[in-house]
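S.K.: quick one: sequence plus predicted model below, questions after.
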Amino acid sequence: MANEAIQKNDFIELEFTGKANNEVFDTTDKVEAKKIGLDADVKPMIVSVGNEMLLKGLDESLEGKEIGKKYSIDLKPEKAFGKRDPKMIRTMPIRIFHEKQMNPYPGLTVQMDNYIAKVLSVSGGRVSVDFNNPLAGKDITYEFTITRKINDTKEKINSLQDFFFRSRFDFEIKEGKVIFKKPEIKPFIDIFKERFKTITGLDFEVIEEKEKKDETKQAKQKPGVKVEELVKEEKKEEKKE
């Protein structure tokens, strides 16, 4: 298996460490993670190759690689976190920060409008804020190893749930379909089902579990016959006996 070359749409388990200016910013290594204060459950990632589950440059580099080998790749901003965009630097009234009970100062990192932003300067009642990704414009280095190829279909589906839903829902695989029985996730499945089919070759759908009906009565009941009429017929049959 060590000589098997990875192809597009393969599911793999990946260990990596990402560095910018020789400083680690992301890693699946628990020791390195502790050094940079990553307290989350650090572990190898399971991703589908060529399906934008990683940075573009890293994702593109995985095809043709072999399981078990160590690799290193350097990425320019265009294939990493993008170039810095001057339009992403905005001037905002200081009252916006005060309303959120924050006292802005240069270097402060805040979350605003689903962005991680950095305060560049504070002058009078105005605050200059940079909404660029902190790693935008930087060259990135990744050291990585593909530890195994995923062949189990359930593990593949769960890895997609982990990445796209950040949660797992029960499902069954039947006749080329991945079937979920949670009506509340239907909008999400509808959004991703075409993409999931491209990745896995399987159809994704959501069905509601219906209460089991009395099979005997269901067999007796004919189209257009009301339940009340069926009950009356059954009572007549009982009297005859």
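M.R.: In hand now; what should we look at?

S.K.: buried ones in stretch 6-26, by neighbour count?
M.R.: Neighbour-count burial for stretch 6-26 flags 6, 10-20, 24-26 (criterion: 16 or more other CB atoms under 10 Å). From N, CA and C alone the C-beta is placed, and that goes for glycine too.

S.K.: typo on my end, it should be stretch 45-64
M.R.: For stretch 45-64, a neighbour-count test (16+ other CB under 10 Å) marks 45-51, 53-55, 57-59, 61-62 as buried.

S.K.: one more: stretch 191-205?
M.R.: Within stretch 191-205, the residues that count as buried by 16+ other CB under 10 Å are Lys193, Phe196, Ile199, Thr200, Leu202, Phe204.

S.K.: and the residues you listed as CSV, adding pLDDT?
M.R.: Putting those into CSV (pLDDT from 0 to 100) gives the following:
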residue, pLDDT
Lys193, 95
Phe196, 97
Ile199, 96
Thr200, 96
Leu202, 97
Phe204, 97
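
S.K.: of the buried residues of stretch 45-64, which belong to helices?
M.R.: Counting by DSSP state H, the buried residues of stretch 45-64 place Gly57, Leu58, Asp59, Ser61 in helices.

S.K.: tell me who's in contact with the second one.
M.R.: Read that as Leu58. By CB atoms under 8 Å, 6 or more residues apart in numbering, the residues touching Leu58 are Phe16, Ile73, Leu75, Tyr142, Phe144.

S.K.: just the element for the last one, please.
M.R.: Translated: Phe144. Assigned by DSSP states H and E, Phe144 falls within strand 140-150.

S.K.: one more: the second one?
M.R.: Using DSSP H and E, Ile73 sits within strand 70-75.

S.K.: can you tell me the strand partners of that strand and which way each runs?
M.R.: Strands that pair with strand 70-75, judged by DSSP bridges, come out as strand 140-150 (antiparallel).

S.K.: can I get the strand it pairs with as CSV, trimmed to CA atoms?
M.R.: This file holds the C-alpha atoms of strand 140-150, laid out as CSV (Å, rounded to 0.1, in the frame of the first residue of the first chain):
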residue,chain,number,x,y,z
ILE,A,140,3.1,29.3,3.3
THR,A,141,5.0,26.0,3.9
TYR,A,142,3.2,22.7,4.5
GLU,A,143,4.9,19.5,5.7
PHE,A,144,2.5,16.6,5.3
THR,A,145,2.1,12.8,5.3
ILE,A,146,-0.8,10.8,3.9
THR,A,147,-1.2,8.1,6.6
ARG,A,148,-3.9,6.0,5.0
LYS,A,149,-6.5,5.8,2.2
ILE,A,150,-10.1,5.5,3.4
